[in-house]
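A.B. asks: model this:
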Amino acid sequence: MDSLRLLQPLNSLFFPQQRSSRLIHLSTSLKPLLSKKRNLSKPLTLTFALTESNSPQPLQTNSKSLLLELSKCFDLPSDYFQQLPSDLRLDLNDAAFDLSNGPIIDECGQELGETLLNLSRAWEQADTSTSRSLMKKLPELESSLTDGAKSAFGKRLISAGKRFKGMGQYGQGELQKIAKAMIATGEALAASASSASVSYESKSQTRMFKFGELQVAVSPEKAYAGAAIAFVFGILSWQVSQGIQNIPESSLQYANDNALQLAKSLRGSLLAMFYASTVLSGFTTVGLLLLAKQLSSERE
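C.D. replies: Numbering: from 1, shown residues only. Sure thing, here's the model as predicted:
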C-alpha cells in the first residue's frame, strides 16, 4: 500500500492524459448547467421587456365604442332567450322592467325611449333576434343624446346590467359578458354626463361681460358687491341733487344777466345729471341683484 501511494505522483507525472481527461470530463459536465442558466435568463429578460412595453396606459373609453361592444354581446343564437330556465326568464323580465320603467320618453328622448321600450318588450317575449337588431341601433343614437338623456340611459343600463349579473353563469358565460358590458357602458355614460354638467355649472357660475375690448367676469359675489356700490352711489347722487335743488334762484347774484342765465343753465344741467345718475344707479342695483340671484340659483 505504501508503495502504491508513492507511485501515484509518478503516475500523474508520466501519465498526464488521465488528469486532462478528467478535466475535460468535468468541463463538459458543467456546460449543460451553464447553458441551462443562460436559457433560463433569456425568457426572463424577454418577459421583462414585454412587461415594460405593455405597461398600462390611460385609455379614454368612448361611450359609442362601449355601446358597439355591448351590441356584439347580444349577438346570440336566435333561440337563446327562449332556452333560458324559468328563473332566468323572470330575471330577464326584471331587467326589462328596470330598463324601461318610469317616464322614459321624458328622460331619454323620443327615439331612444321608444327603442328601449321595444327592447324591453323583446326581452319579455324572449325574442333574441329583435333584441339583437335593436341593440345595434343604440350606438347610432348616442351622438344625438343630451347630457340628461345620457345620464338617464346610463342609470338604466347599470340597473338592468345588475339584473343580468344576478343570473349567474349560464351556457358559455354570455349573460355575465352582457352584464359586464352593460354596467361599464352605463357608468361611462353617467360619468360623461356628470362631467359635462360640472363643466356647464362652472361656466354658468360666472358670466362674461364685454365692454369693447374689456372683458369682465361676473360671479354672484361680484354681482352683490357691484349692487352695493351702485346703491351707495345712487344715494350720494340723490343727496347732491337735493342739495343743488335746495339752493334758491334768488340767491344767485351775478354782475349781469348773461352770467345769471349761465348759472341757471349750469344748475339745471347739474340737477339733470345727478338725477340721471340716481336713476341709473337704481336700475344697476336691481339688475345686479337679479343677476346675483340667478347665478346663485344656477350654482345650487
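A.B. asks: show me the strands in the stretch 101-250 of the chain, by range?
C.D. replies: 207-211, 214-218 (DSSP state E, counting those that start in this stretch).
A.B. asks: so for the last one, what's the average pLDDT?
C.D. replies: Strand 214-218 shows an average pLDDT of 65 in the prediction.
A.B. asks: what does the first one give?
C.D. replies: When pLDDT is averaged over strand 207-211, the result is 59.
A.B. asks: start the count at 47 instead of 1 going forward.
C.D. replies: Okay, using 47 as the starting number, the last item reads as strand 253-257.
A.B. asks: which regions of this structure lie under the pLDDT threshold?
C.D. replies: 47-107, 239-263, 295-301, 344-346 (pLDDT under 70).
A.B. asks: what about the longest helix in it?
C.D. replies: helix 303-345 (DSSP state H).
A.B. asks: so which elements touch that one?
C.D. replies: helix 220-250, helix 266-291 (3 or more CB pairs under 8 Å, 6 or more residues apart in numbering; DSSP states H and E). C-beta here means a position set from N, CA and C on the backbone, and glycine is covered the same way.
A.B. asks: try 10 Å this time
C.D. replies: helix 220-250, strand 253-257, strand 260-264, helix 266-291 (3 or more CB pairs under 10 Å, 6 or more residues apart in numbering; DSSP states H and E).
A.B. asks: now do the buried residues in stretch 113-133.
C.D. replies: By 16 or more other CB atoms under 10 Å, the buried positions in stretch 113-133 come out as 113-117, 119-120, 122, 126-127, 130.
A.B. asks: separation between Asn164 and Ile150?
C.D. replies: Per CB to CB, to the nearest Å, Asn164 is found 11 Å from Ile150.
A.B. asks: sorry, that was for Asp173
C.D. replies: Distance from Asp173 to Ile150, by CB to CB: 19 Å.
A.B. asks: before we move on, what about Met228?
C.D. replies: Look at Met228 and Ile150: by CB to CB, they are 16 Å apart.
A.B. asks: look at these two and report which has more neighbours.
C.D. replies: Neighbour count, other CB atoms under 10 Å: between Met228 and Ile150, Met228 has more, with 27 against 20.
A.B. asks: can you show me the CA trace of stretch 315-327 as CSV?
C.D. replies: Extracted as CSV, the C-alpha positions of stretch 315-327 are listed here (Å, rounded to 0.1, in the frame of the first residue of the first chain):
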residue,chain,number,x,y,z
SER,A,315,-77.6,120.6,-16.1
LEU,A,316,-76.2,119.5,-12.7
LEU,A,317,-79.6,118.6,-11.5
ALA,A,318,-80.4,116.6,-14.6
MET,A,319,-77.0,114.8,-14.4
PHE,A,320,-77.3,113.8,-10.7
TYR,A,321,-81.0,112.8,-11.1
ALA,A,322,-80.0,110.6,-14.1
SER,A,323,-77.1,109.1,-12.0
THR,A,324,-79.6,108.3,-9.3
VAL,A,325,-82.0,106.6,-11.6
LEU,A,326,-79.2,104.7,-13.4
SER,A,327,-77.8,103.6,-10.0
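A.B. asks: pull out the buried positions in it.
C.D. replies: Buried residues in stretch 315-327, counted by 16+ other CB under 10 Å: 320-321, 323-324, 327.
A.B. asks: and which of the residues you listed is nearest Ser177?
C.D. replies: Ranked by distance to Ser177 (CB to CB), the buried residues of stretch 315-327 are led by Ser327 at 66.2 Å.
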